[in-house]
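Enquirer: Sequence plus the predicted model coming up.
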Amino acid sequence: MASNNKRNANSLDERFPAIAAWIQHGWIEIGDQEWTRSSAVAQDCGGMVYEETGSNKTLTECLESLERGLRKHMKERWGDEFE
């Protein structure tokens with residue numbers, strides 16, 4: 001069972017490399033928030049760095065949006081590039 005979990009984790013890391021890297025710098029929140037129209041946000045100690053504002057998003061759509069937003073943010077901030 002453990003090997004299946006490791007394989008699944010690796011595939012998520014491969015599919016979403018910026019998100020995988022981001023967890024070393026900040027945190028991500030996914031879900032409906034009654035005080036905002038965000039479905040997903042990425043933050044660090046300085047505040048919000050990316051916000052997905054679409055509604056009725058699937059988990060996959062939220063992760064894809066976060067990946068794009070974090071790629072852009074990390075490239076601008078640190079010059080990080082992801083394939």
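Expert: All right, it came through fine.
Enquirer: Do a quick rundown of the helices in the chain.
Expert: 2-15, 17-22, 59-78 (DSSP state H).
Enquirer: Of all those, which one is nearest Thr36?
Expert: Closest approach to Thr36 among the helices of the chain is made by helix 59-78 (14.0 Å; C-beta to C-beta). For every residue, glycine as well, the C-beta is placed using N, CA and C.
Enquirer: what's in contact with the closest one?
Expert: Counting by C-beta atoms under 8 Å, 6 or more residues apart in numbering, helix 59-78 makes contact with 16-19, 21-22, 28, 30, 39-40, 42, 49-52, 54, 57, 80-82, all of which sit outside it.
Enquirer: circling back: tell me which of the helices of the chain sits most buried.
Expert: Mean neighbour counts were compared across the helices of the chain using mean count of other C-beta atoms under 10 Å; the top stretch is helix 17-22, at a mean of 19.
Enquirer: Quick one: mean pLDDT over it.
Expert: Model confidence over helix 17-22, given as mean pLDDT, is 96.
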